[in-house]
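Q: Let's see this in three dimensions:
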Amino acid sequence: MAAADFFSPSQLKKALFLDRDGVVIDYIPYLSKPEQVRLPLGAGAALKQWQDAGYLLIVITNQSGVGYGYFSLADVAAVHQRLVEEYEQYGVKFAEIMVCPHHPQAACGCRKPSPRMLLSAAQKHRIALDQSYFLGDALSDLDCALNAGSHPLLVLTGLGQETREKLDRFPVKIPCFEQLGHTVVLLPESEATQDIYD
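A: Here you go, the predicted structure:
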């Protein structure tokens, strides 16, 4: 059941949902150590602008490395602690970081492209999904956004270049951005600055 079933539109918030690897941190396959965390150029300043524009920032990530036994949930938590600390330097605060730790064959129900994590976040944080965006670099992110009734955005970092070659499978046009920082053009002109890379 969606948040809109419980709250009037005036009570609902907007969110920018974000994939983790290749989007809010540089892409490293099965990243598992805090010292591997690196922020993309301009990402901190850009997310601060989204936050200042009234969007909740929520990370939605599949971490199948846990299911495969490559690393533990404690390792994931340590990575996320570093991620949070790095973004705090820009005044950025994440409302939540939601994780599916399951093996791809586990039929868990929460793994993207399932919309379950977005729907859960929407109910918990009173989010209007149809007024929210999901920025990802993989087909599963885009499918997840559409399955939840949110607006998909593709960033061409991480797996994004490969994903762009497959966009013709979608029934809607999906905006593409070279980097996370470029997404601020979607914000009202008064909220977005032209150069966030200084």
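Q: Wait, L154 touches F177, no?
A: Yes: assessed by Cβ atoms under 8 Å, L154 is found in contact with F177 at 7.1 Å. Yep, even glycine has a C-beta here, placed from its N, CA and C like the rest.
Q: and the single longest strand found in the chain, average pLDDT?
A: With DSSP state E applied, the strand covering the greatest number of residues in the chain is identified as strand 55-62. For strand 55-62, mean pLDDT rounds to 98.
Q: Extract the residue ranges of the chain that are flagged as low pLDDT.
A: The chain contains residues with pLDDT under 70 at 1-10, 189-198.
Q: Determine how far stretch 42-62 lies from the middle of the whole chain.
A: 9 Å (Cα atoms, centre = their mean, to the nearest Å).
Q: mind exporting it as PDB, just the C-alpha atoms?
A: Provided in PDB are the C-alpha atoms of stretch 42-62 (Å, rounded to 0.1, in the frame of the first residue of the first chain):
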ATOM      1  CA  GLY A  42      30.700  17.200  -7.800                       C
ATOM      2  CA  ALA A  43      28.400  14.700  -6.100                       C
ATOM      3  CA  GLY A  44      28.500  16.200  -2.600                       C
ATOM      4  CA  ALA A  45      27.600  19.700  -3.800                       C
ATOM      5  CA  ALA A  46      24.900  18.400  -6.100                       C
ATOM      6  CA  LEU A  47      23.200  16.300  -3.400                       C
ATOM      7  CA  LYS A  48      23.300  19.300  -1.100                       C
ATOM      8  CA  GLN A  49      21.400  21.200  -3.700                       C
ATOM      9  CA  TRP A  50      18.800  18.400  -4.000                       C
ATOM     10  CA  GLN A  51      18.500  18.400  -0.200                       C
ATOM     11  CA  ASP A  52      18.100  22.100   0.000                       C
ATOM     12  CA  ALA A  53      15.400  21.900  -2.700                       C
ATOM     13  CA  GLY A  54      13.300  19.800  -0.300                       C
ATOM     14  CA  TYR A  55      14.200  16.300  -1.500                       C
ATOM     15  CA  LEU A  56      14.800  13.400   0.900                       C
ATOM     16  CA  LEU A  57      18.000  11.500  -0.100                       C
ATOM     17  CA  ILE A  58      17.600   7.800   0.100                       C
ATOM     18  CA  VAL A  59      20.100   5.200  -1.100                       C
ATOM     19  CA  ILE A  60      18.700   1.900  -2.500                       C
ATOM     20  CA  THR A  61      21.300  -0.700  -3.100                       C
ATOM     21  CA  ASN A  62      21.600  -4.400  -3.900                       C
END
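Q: For V84, which non-adjacent residue is spatially closest?
A: For V84, ignoring the flanking residues on the chain, the nearest one in space by Cβ to Cβ, 6 or more residues apart in numbering is F94 at 6.4 Å.
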